[in-house]
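Participant: Need a 3D model of the following:
(2 chains)
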Amino acid sequence: MATQKTLAVTGNVLVAEAMRQCAPDVMGAYPITPQTTIVEEFAKFVANGRVHTEYVTVESEHSAMSACVGASAAGARVMTATSSQGLALMWEELYIAAGMRLPIVMANANRALSAPINIHCDHSDIMGARDAGWIVLFAETAQEAYDNTIMAVRIAEHPDVMLPVMTCLDGFITTHSIDRAQIMDDETVKAFVGDYKPENALLDTDNPVSHGNFAGLGGPYFEFKRAQRNAIDRSAAVIESVGAEWSKICERPFGMVEGWGMEDAELAIVAIGSTAGNARHVARELRAQGVRVGVLKVRCFRPFPFADIAEALAGCKAVAVLDRSESFGAEGGPLFLEVRSALYDRAERPAMVNYIYGLGGSDVKLELLRQVYSDLSDLADGASTPGRLVYLGAR
Amino acid sequence: MSWDISKMNEWKAEEFPRGAVIPQAGNSKDYVTGGWRSERPVRDDAKCTQCLLCWIFCPDSAIDVEGEKVTTFNLNHCKGCGVCANECPASAIEMVPEGCELPEVK
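Facilitator: Residues are numbered from 1 along each chain as shown, chains lettered A, B, ... in the order given. Okay, the predicted model is just below:
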């Protein structure tokens, strides 16, 4: 019988609890703000014997992900966490983990990248790594970060997938704010994630295998990349089914995209992470005034749910895509590029504006989101756009 | 396990082992690497004292020995580095440039 307990807890503590419940064999860990309290809490669980994980303290994130890759190839269930510069330092190993098809699960506390130095939230870290071949899930709340962590294990280890999964939560906003959330009992999570039965484990000495092989000099490198593409394409169905299964147990909805008011919305904001909550707050106010507004939250960025997004936005008159990261010199931020591409094949396409917002933790005030809906309203009435790309609230 | 790679050049993406794993041990001899060579060793049997120093020094284990005697060079794996010729105390090994005929190497 699944039983849940309601806690007042930070996102990081809840992620650490989820990791403890998933009981990884190995964690290669290095602290970095604002992720530190995840690996700190987890270290406490190890020290107190609440989880039997080989906890490898390494000298950098480059080594953390290297240790994870080695342990995963050896046949272990492996988890870790990072943020910002740490994720950037893992760059090489991110591609290696995906290319070697290792089901590593990593939490990423979204934080800005230097320079100038900044420790606060934006999505530059993960968006820089979005093409590394990882499945990327985003959380709006501590609760979603918890649920994503548990689902990630099942998604990563699914035989149709076998890819690493990154679960992102907004630095400080979600990682450090105390939020109301439910934690499932240990036994239910244990049963849900199951035991990991690795194939091609290096430690299976009865069936010796070699990992990390060469496929150059006219070798089948190209075919391996195609197999990776097939796997991440297949993962969409797995994410949906694992999400549905967990949803049933925890009684919380899951969708790769989640709409609010999208059934009849004329003006919509598309957002990722904690800002979706702010947008819903403003949308509720406007709905009370009779304005047909909606919010579309993207919970899974890789694989990108093109069809769901096109379906949700097709009926809108004007859409604002909110990007909490830059793609300098591109037509817009990473989310905008994907969302606009999702609508390309539609006969009717809404007007669309890209807002870059909240970089380096720049405050996402409600009046800024009111301004976005006001811009959309003007746009729907035939006004010229407020600009192709707007730095929302920047001086 | 036995792993037949004879048709590997025709395999489609999903036919390869996941993640470029090689699901078999001790098969590096099946991977022909002699094509990198620009010079090949040629041994003069009349000069050779069968001291086996070439066999000891060869970094690629490409000297074939039978009954404690050098028989031939395994040109499927010899990279033509010339270590054997350099180490031979009887100067019985000469490095000769590879021409356009490479009958042993596919």
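
Participant: can the host helix or strand of residue A:232 be found next to chain B?
Facilitator: Applying DSSP states H and E as the criterion places residue A:232 in helix A:221-250. Yes. Counting by CB under 8 Å from any CB of the partner chain, chain B has neighbours in helix A:221-250: A:223-224, A:226-227, A:230. C-betas here are computed from N, CA, C, even on glycine.

Participant: of those, buried ones?
Facilitator: A:223-224, A:227 (16 or more other CB atoms under 10 Å in any protein chain shown).

Participant: So which residues of chain B form strands?
Facilitator: Secondary structure of chain B, counting by DSSP state E: strands at B:39-43, B:63-66, B:69-73, B:93-97.

Participant: Output these as a markdown table; include the columns distance to chain A and mean pLDDT.
Facilitator: As requested, the strands of chain B are exported to a markdown table (distance: least, CB to the nearest CB, whole Å; pLDDT from 0 to 100):
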| stretch | distance to chain A | mean pLDDT |
| --- | --- | --- |
| strand B:39-43 | 20 | 94 |
| strand B:63-66 | 24 | 97 |
| strand B:69-73 | 22 | 96 |
| strand B:93-97 | 22 | 94 |
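
Participant: which one of those strands has the most crowded surroundings?
Facilitator: Stretch with highest mean neighbour count among those: strand B:39-43 (a mean of 18; mean count of other CB atoms under 10 Å in any protein chain shown).

Participant: For it, which strands pair with it and how are they oriented?
Facilitator: strand B:93-97 (antiparallel) (DSSP bridges).

Participant: Extract the C-alpha set from the partner strand and format it as CSV.
Facilitator: What follows is strand B:93-97, C-alpha atoms only, in CSV (Å, rounded to 0.1, in the frame of the first residue of the first chain):
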residue,chain,number,x,y,z
ILE,B,93,66.1,-8.1,-40.5
GLU,B,94,65.8,-5.4,-43.1
MET,B,95,63.0,-2.9,-43.4
VAL,B,96,61.8,-2.5,-47.0
PRO,B,97,59.3,0.0,-48.3
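
Participant: What lies in contact with that strand?
Facilitator: For strand B:93-97, the surrounding residues in contact (CB atoms under 8 Å, 6 or more residues apart in numbering or on different chains) are B:38-44, B:54, B:80, B:82, B:84-85.

Participant: Nearest to residue A:58, out of the buried ones among the residues of helix A:221-250 next to chain B: which one, please.
Facilitator: Minimum distance to residue A:58 across those is 27.6 Å, recorded for residue A:224 (CB to CB).

Participant: Show the contacting residues for the closest one.
Facilitator: Residue A:224 touches A:99, A:215, B:13, B:16, B:19-20, counting by CB under 8 Å, 6+ apart.

Participant: Show me just the buried residues among those.
Facilitator: Among these, the ones that count as buried (16+ other CB under 10 Å) are A:99, B:13, B:16, B:19-20.

Participant: May I ask which two of those residues are separated the most?
Facilitator: Maximum distance among the buried ones among the contacts of residue A:224 (CB to CB): 13.1 Å, for A:99 and B:13.

Participant: Can you tell me how far the residue lying farthest from the centre of chain A is from chain B?
Facilitator: Here the centre of chain A is the reference, and by CA atoms, centre = their mean the most remote residue is residue A:206, at 37.5 Å. Per CB to the nearest CB, to the nearest Å, residue A:206 is found 10 Å from chain B.

Participant: Sticking with that residue, tell me its helix or strand.
Facilitator: Under the criterion DSSP H and E, no helix or strand holds residue A:206.

Participant: So what does it have for phi and psi?
Facilitator: The phi/psi pair for residue A:206 (degrees, to the nearest 10) reads phi -80, psi -20.

Participant: which ones are touching it?
Facilitator: So residue A:206 contacts nothing (CB under 8 Å, 6+ apart).

Participant: Give me the pLDDT for it.
Facilitator: pLDDT recorded at residue A:206 is 94.

Participant: give the contact list for the most centrally placed residue in chain B.
Facilitator: The residue lying closest to the centre of chain B (CA atoms, centre = their mean) is residue B:77, at 2.1 Å. Residue B:77 sits next to B:29, B:32-34, B:60-62 when contact means CB under 8 Å, 6+ apart.

Participant: Just put the residues of helix A:221-250 next to chain B in TSV and tack on pLDDT.
Facilitator: Output for those, formatted as TSV (pLDDT from 0 to 100):
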residue	pLDDT
A:223	96
A:224	97
A:226	98
A:227	98
A:230	98
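
Participant: got a list of contacts for stretch A:366-385?
Facilitator: Here stretch A:366-385 makes contact (CB under 8 Å, 6+ apart) with A:266-269, A:275, A:278-279, A:281-283, A:285-286, A:291, A:293, A:317-320, A:322, A:351, A:353, A:355, A:357, A:386, A:390, A:392-393.

Participant: re the thing from before, flag every buried residue along the helix holding residue A:232.
Facilitator: A:223-224, A:227-228, A:231-232, A:234-236, A:238-240, A:242-243, A:246, A:250.

Participant: can you give me the mean pLDDT across stretch B:10-28?
Facilitator: Stretch B:10-28 comes out at a mean pLDDT of 92.

Participant: how long is it end to end?
Facilitator: 20 Å (CA to CA, to the nearest Å).

Participant: Is there contact, residue-wise, from that stretch to chain A?
Facilitator: Yes. Using CB under 8 Å from any CB, stretch B:10-28 reaches chain A at B:11-14, B:16-25.

Participant: Name the member of those with the most neighbours.
Facilitator: Neighbour tally across the residues of stretch B:10-28 next to chain A (other CB atoms under 10 Å in any protein chain shown): the maximum, 24 neighbours, falls on residue B:19.

Participant: Next one: that one from residue A:138, what distance?
Facilitator: Distance, residue B:19 to residue A:138, by CB to CB, to the nearest Å: 26 Å.

Participant: Up against chain B, what does chain A have?
Facilitator: So chain A meets chain B at A:99-102, A:162, A:199-200, A:207-213, A:215, A:220, A:223-224, A:226-227, A:230 (CB under 8 Å from any CB).

Participant: how about the helices in the stretch 251-395 of chain A?
Facilitator: A:275-288, A:306-313, A:334-342, A:366-380 (DSSP state H, counting those that start in this stretch).

Participant: Who are the packing partners of the second one?
Facilitator: Other elements packing on helix A:306-313 under the criterion 3 or more CB pairs under 8 Å, 6 or more residues apart in numbering or on different chains; DSSP states H and E are strand A:257-260, strand A:267-271, strand A:293-298, helix A:334-342.

Participant: about what we covered before: for the strands of chain B, which one sits closest to residue A:16?
Facilitator: Using CB to CB, these put strand B:63-66 closest to residue A:16, at 57.3 Å.

Participant: domains in chain A, as residue ranges please.
Facilitator: Listed by automatic domain parsing, the domain ranges of chain A are A:4-182+A:216-250, A:257-391.

Participant: what's the most buried one of those?
Facilitator: Using mean count of other CB under 10 Å, domain A:4-182+A:216-250 ranks as the most buried of the domains of chain A, with a mean of 21.
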